[in-house]
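> generate coordinates for the sequence data below:
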Amino acid sequence: MLKNILVPTDFSHHALIAARYASHMAQHFEWSIHLIHAYTPFSSSFANEKFNQEILDHETEKAQSNMATFRDELSQEFPNLEIVTSCLTGMLGDVLPAIAGESKNELIIMGTKGASGLKYTILGSNTFEIIRKSPIPVLAIPETQTTFRWETIGLLSNFKQSEISALQSAIAIAGLPKKLLLLHLFEKDSYRDEDDLTSWKGHIQDRLGIDEIAYKTENLVNRMDVREDFSDYVFDMIESENVDVLVVTQERKSFLTKLFSRSLVKAIAHQLTVPVFFHNMHHR
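Prediction:
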């Protein structure tokens, strides 16, 4: 069975960037992509059935026309890529996770901004709901990234077994990277010494077979702005180390909980510099 990448779109420029990244990745692995547009047509309880049906027909025709244009633009760049399209009524945060559970679907790739470019547009704000609900991993793409790369991946690490699961999930999809960079940002009572880092590095090498593993630490103790700017530290580190993809686990009640605070929402929408792979350990 041909593996598939799900790509939601609102036909915006930012959605096209994510779709190009997905197409490049699918072409690399000889997979297909499935473009999905979810829409909620207006209806009124005060209008008659004929009027509401006319509105639905108009919105459906508009969605299908926009999808055809969007698909054609991708097909011109990737003529040998199999591209399937669907225009579905409903909220994206409900429609997409329901479809994602089909066995052929490996990954959701989506942008983090929508058509208006505002902070919380439909596509951007849905990214976080879909990350939470999806039974498969989600790859969030920054607005400047169109080419799939898998040379160096980063992992936010606080020495949790769930991090191994997240790496296994990423590797199962894209294969072993050439290099893994462990990023350990510590606060009070979470500091690990050199022996701990070396031991954890060896454990990952034994489990996953990644030849080159390095680590980098950042001391956040006594920094009053950590809660507000935690994401800034993360993205500064991965940008300085030329990380291609950052892997994040959703384990709750852990050091990584901050990643799902308002500061990450702000960071994903405005500061994201590399793709971020989100793994939900509670799903398949």
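> quickly find the element holding the residue nearest to L56 when sequence neighbours are not counted.
Leaving out its chain neighbours, the residue that sits closest to L56 by C-beta to C-beta, 6 or more residues apart in numbering is P41, at 4.8 Å. Every C-beta, even on glycine, is put in place using the N, C-alpha and C of the backbone. For P41, there is no helix or strand it lies in under DSSP states H and E.
> and the gap between A22 and L185?
30 Å (C-beta to C-beta, to the nearest Å).
> ignore what I typed, I meant V245.
The value you get for V245 to L185, if C-beta to C-beta is used, is 18 Å.
> over to T127?
Taking C-beta to C-beta, one finds T127 at 23 Å from L185.
> quick one: the residue nearest to L56 and T89 touch, right?
Yes: the pair P41 / T89 is scored as a contact, 6.6 Å apart, by C-beta atoms under 8 Å.
> what sits against the residue nearest to L56?
I55, L56, H58, E59, T60, T89 (C-beta atoms under 8 Å, 6 or more residues apart in numbering).
> quick check: closest non-adjacent residue to H279.
Going by C-beta to C-beta, 6+ apart, H279 has A166 as its nearest residue, at 3.8 Å.
> domains for this protein, by residue range?
Structurally, the chain divides into domains by automatic domain parsing as follows: 4-141, 152-279.
> make CSV out of those domains and add mean pLDDT.
Output for the domains of the chain, formatted as CSV (pLDDT from 0 to 100):
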stretch, mean pLDDT
domain 4-141, 84
domain 152-279, 76
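> burial measure for L167, as a count.
Other residues within reach of L167 by the criterion other C-beta atoms under 10 Å amount to 24.
> ok, it to K160 distance?
Distance from L167 to K160, by C-beta to C-beta: 11 Å.
> what's the answer for Q76, then?
From Q76 to K160 the distance is 44 Å (C-beta to C-beta).
> so between those two, which is more surrounded?
Legend: neighbour count by other C-beta under 10 Å for Q76 and K160, higher for K160 (17 against 8).
> what sits up against the helix or strand containing L107?
Taking DSSP H and E as the definition, L107 sits inside strand 105-111. The contact list for strand 105-111, computed with C-beta under 8 Å, 6+ apart, reads 3-8, 12, 14-15, 17-19, 21-22, 25, 31, 34, 96, 99-100, 123-124, 126-127, 130, 134, 136-141, 143, 173.
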